[in-house]
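K.L.:
Let's see this in three dimensions:
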Amino acid sequence: MLATSCSSSGSEDDKDPSAEDTPSNPPAATAPGTPGTPSATGAPSTPATPSAPSTPTATGTPSAPAPSSAPGTPGGSTPAQQPAGARWQPTPGLAWQWQLGGGVDQSVDVPVYDIDGFENDASVVASLHAKGRKVICYINAGSWENFRPDSATFAKALQGSDTGWKGEKWFDIRKINELRPLMAARFDMCRSKGFDAIEPDTIEAYNQNSGFPLTGDDQIRYNRMLAELAHERGLAIGLKNDLDQIPALINDFDFAVNEECSQFDECDRVAPFVRAGKAVFHVEYKVDTDQFCAKAKSLGFSSMQKKLELNAWRKPC
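P.N.:
Model prediction:
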């Protein structure tokens, strides 16, 4: 899934599964900011035990989680813990590029890139690092996609209603014990490629027509599990949309990724991240920059206009 509406009403008006991912030439980018400082907080006090790291194939596809012989370990051995404060903490105001469609245009002069974890190999991440960029790994953590190379590892029982995007179905996030090792394998892939952080998509199934009787508590448990998996691997993680649960989850996540809060007049609800010293990476699709940039800047957001297909084009504030 490339993008979801951030409206608390769960609107799916912006979905356009047929949009083509053909990059256009981006406009002149803003000057880069200063990369964020490491977080002062360590991993959560009661981390879940993830699966054993999977071995990427030549295309970077994670293998199915390996069975564990260690007692009490649901999917494999625990990865080496990063020391407290070691992971990246994106600070408010960092300029960013978000590109999920087409080959990554590395010429955009910003300190943060958010790119697809499956479709880009370690060499792309290394090249961006050589340019002084931090790199976020986009992973769908809340719905099954039939076009992903690990799609066969997700049982039919985990798949619910269509999300509105072709080939995607909501996960039954109540089944954390089944989903944890599968998400751990994806996060291991991001770590093995050298990414600095995770952007987990579609993590507000509880207020959608998922096909399952999901509650807000189910979503909080699942999202916290994702944060634990990321932090155990020394990776930062962003809360994608899910505005209603920001008060409950702000301490678990290192930054926010928001779509269309200006269009739906909801940006004040994301502002607690900035007050906590954490970046808000924000995009609008239908609203032009002259209609949202003034307020976005006043809130300390990292904002730009993008096309829904999320190719290389960007119009930053």
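K.L.:
Just name the shakiest helix or strand of this structure by mean pLDDT.
P.N.:
The helix or strand of the chain with the lowest confidence, counting by mean pLDDT, DSSP states H and E, is strand 159-162 at a mean of 92.
K.L.:
Dump the C-alpha coordinates for it into CSV.
P.N.:
Presented in CSV, the C-alpha positions along strand 159-162 are these (Å, rounded to 0.1, in the frame of the first residue of the first chain):
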residue,chain,number,x,y,z
GLN,A,159,-6.1,-12.3,5.8
GLY,A,160,-9.3,-10.4,6.0
SER,A,161,-11.2,-7.9,3.8
ASP,A,162,-9.6,-6.0,0.9
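K.L.:
Any figure for the gap between residue 298 and residue 241?
P.N.:
21 Å (C-beta to C-beta, to the nearest Å). Quick note: C-beta positions are derived from backbone N, CA and C, even for glycine.
K.L.:
out of those two, which sits in the more crowded spot?
P.N.:
residue 241 (25 against 10; other C-beta atoms under 10 Å).
K.L.:
what's the pLDDT at the more buried one?
P.N.:
Per-residue confidence (pLDDT) for residue 241: 97.
K.L.:
go on, residue 219?
P.N.:
98.
K.L.:
my read: it touches residue 203, true?
P.N.:
Yes: between residue 219 and residue 203 there is a contact under C-beta atoms under 8 Å: 7.2 Å.
K.L.:
where do the strands sit along this protein?
P.N.:
96-99, 112-116, 134-140, 143-145, 159-162, 168-171, 197-201, 236-240, 255-259, 280-284, 302-305, 315-316 (DSSP state E).
K.L.:
For residue 178, see how far away the nearest residue to residue 310 once chain neighbours are set aside is.
P.N.:
Once flanking residues are discounted, residue 310 sits nearest to residue 100: 4.3 Å by C-beta to C-beta, 6 or more residues apart in numbering. Residue 100 sits 27 Å away from residue 178, going by C-beta to C-beta.
K.L.:
Give me the more crowded residue out of those two.
P.N.:
Set residue 100 next to residue 178 and count neighbours by other C-beta under 10 Å: residue 100 wins out with 21 against 16.
K.L.:
Which pLDDT value goes with that one?
P.N.:
97.
K.L.:
residues contacting the most centrally placed residue in the chain?
P.N.:
Centroid check for the chain by C-alpha atoms, centre = their mean gives residue 199 as the closest residue, at 1.2 Å. The contact partners of residue 199, taken as C-beta atoms under 8 Å, 6 or more residues apart in numbering, are 114, 136, 137, 138, 139, 237, 238, 240, 257.
K.L.:
which one of those sits closest to residue 209?
P.N.:
The nearest member of the contacts of residue 199 to residue 209, counting by C-beta to C-beta, is residue 240 at 18.5 Å.
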